[in-house]
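Asks: Here is a sequence together with a model predicted from it:
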Amino acid sequence: MKIDWAFLRLVLYCTLGVIGVVIVPLMLTSNPEVVRSVVASGVASLFHILVGYALIEIGFDKPNTTFLKIILGGTLVRMIVLVGVVFVLIRFYQYHTMSLMISFLMYYVLNLILEIHLLQKRVALRR
């Protein structure tokens, strides 16, 4: 499996950008419980995007049917894991529910944008 360092740098830059634009101001203006929730959802979302990247790399050169099974099956498994993480964080660790859910949503949208960017780049390079 070839590693796309440019994409991983993009993920790193986006993560650092979120830390600088969202988390640092939250640390200065909000209560620690909200910050803890946003950071926890960020860590889970970072894991989510890295697993998605690995699945795209694994499945991209496979036949179309296999690729779709890997991507869609991987997305289903990743979503189930994220729901489990949310459940555990709220139920057992009493994270701030609203900030956790909103930040998960925002991170998920960012992850989708990054994954679509990766797929478009890979398709363009294939042609």
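Replies: On my side now, so go ahead.
Asks: Can you pull the poorly scored residue ranges out of this structure?
Replies: The model of the chain has pLDDT under 70 over residues 1.
Asks: longest helix in this protein, by residue count?
Replies: In the chain, assigned by DSSP state H, the helix with the most residues is helix 97-126.
Asks: how much does the host helix or strand of L68 deviate in direction from helix 97-126?
Replies: Taking DSSP states H and E as the criterion, L68 maps to helix 64-91. Orientation check (axes from the mean of the first three to the mean of the last three C-alpha atoms, to 10 degrees): helix 64-91 against helix 97-126 gives 160 degrees.
Asks: same for helix 64-91, what does it pack against?
Replies: Under the contact criterion of 3 or more C-beta pairs under 8 Å, 6 or more residues apart in numbering; DSSP states H and E, helix 64-91 touches helix 32-59, helix 97-126. Where you see a C-beta, it was placed from the backbone N, CA and C, and this is true even at glycine.
Asks: Now with 6 Å, please.
Replies: Counting contacts by 3 or more C-beta pairs under 6 Å, 6 or more residues apart in numbering; DSSP states H and E, helix 64-91 packs against helix 32-59.
Asks: ok, and the closest non-adjacent residue to Y108?
Replies: What sits nearest to Y108 in space, not counting adjacent residues and going by C-beta to C-beta, 6 or more residues apart in numbering, is S45, at 6.6 Å.
Asks: Pull the number of nearby residues for the one you found.
Replies: Using other C-beta atoms under 10 Å, S45 has 22 neighbouring residues.
Asks: All further residue positions should be reported with the first residue as 17.
Replies: Understood, numbering begins at 17; the last thing we discussed is S61.
Asks: so it touches Y123, yeah?
Replies: Yes - counting by C-beta atoms under 6 Å, Y123 is a contact partner of S61 at 3.5 Å.
Asks: Next, report how far the helix holding L84 is displaced from the centre of its chain.
Replies: 11 Å (C-alpha atoms, centre = their mean, to the nearest Å).
Asks: what does stretch 71-78 give?
Replies: Stretch 71-78 sits 18 Å away from the centroid of its parent chain (C-alpha atoms, centre = their mean).
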